[in-house]
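[1] Quick one: sequence plus predicted model below, questions after.
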Amino acid sequence: MSLAAYLTVATCLFIIGLVMVAARRNLIYVLMGLELILNAANINFVAFNRFQPGTALDGQIASIFVIILAAAEAAVALAIVLNAHALFDTIRPDDYDTMKD
């Protein structure tokens, strides 16, 4: 596969993730969109590292760091979503009007 194929897949994942974050019908969808955006970045790191001659494992190391960061982000964000659901009985971000006061 060529670099353009990897970049096409990463671009598609990034756009799908942006649409999911922008639509924000549900906080779970927002979290899934953020994960897709991070996975697109991982594909870019690994693809550019693979097609850059003479480099070590810099792209793979950056990708592993992003995966660890995404796991921590998912755990914290899921705890926030569960707490918001317990307080407001909904996970729609538009319904949190009391947070504006």
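    Happy to help now that I have it.

[2] Now for residue 73, how many residues are close by?
    15 (other C-beta atoms under 10 Å). In short, each C-beta sits where N, CA and C put it, glycine included.

[3] To clarify, my last question referred to residue 17.
    21.

[4] next one: residue 42
    Residues near residue 42, counting by other C-beta under 10 Å, number 21.

[5] ditto for the one 5 residues further on
    The number of residues packed near residue 47 is 20, by other C-beta under 10 Å.

[6] host element of it?
    helix 27-50 (DSSP states H and E).

[7] Show the subsequent helix or strand relative to that helix.
    Defined by DSSP H and E, the subsequent element after helix 27-50 is helix 58-88.

[8] other SSEs contacting that following helix?
    Under the contact criterion of 3 or more C-beta pairs under 8 Å, 6 or more residues apart in numbering; DSSP states H and E, helix 58-88 touches helix 27-50.

[9] got the angle for the helix it packs on vs helix 58-88?
    180 degrees (axes from the mean of the first three to the mean of the last three C-alpha atoms, to 10 degrees).

[10] low-scoring stretches of this protein, by residue?
    In the predicted model of the chain, residues 96-101 satisfy pLDDT under 70.

[11] hmm, back to that, using CSV, write out every CA atom in the helix holding residue 47.
    Output in CSV follows, covering the C-alpha atoms of helix 27-50 (Å, rounded to 0.1, in the frame of the first residue of the first chain):
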residue,chain,number,x,y,z
LEU,A,27,-22.1,12.2,25.0
ILE,A,28,-21.1,8.6,24.2
TYR,A,29,-21.1,9.6,20.5
VAL,A,30,-18.8,12.6,21.3
LEU,A,31,-16.4,10.2,23.1
MET,A,32,-16.5,7.8,20.1
GLY,A,33,-15.7,10.7,17.8
LEU,A,34,-12.8,11.7,19.9
GLU,A,35,-11.4,8.2,19.8
LEU,A,36,-11.8,8.1,16.0
ILE,A,37,-9.8,11.4,15.7
LEU,A,38,-7.1,9.9,17.9
ASN,A,39,-7.0,6.7,15.8
ALA,A,40,-6.6,8.8,12.7
ALA,A,41,-3.6,10.5,14.2
ASN,A,42,-2.2,7.1,15.1
ILE,A,43,-2.5,6.0,11.5
ASN,A,44,-0.7,9.1,10.4
PHE,A,45,2.1,8.6,12.9
VAL,A,46,2.7,5.0,11.8
ALA,A,47,2.3,5.6,8.1
PHE,A,48,4.7,8.5,8.0
ASN,A,49,7.2,6.6,10.1
ARG,A,50,7.0,3.6,7.7
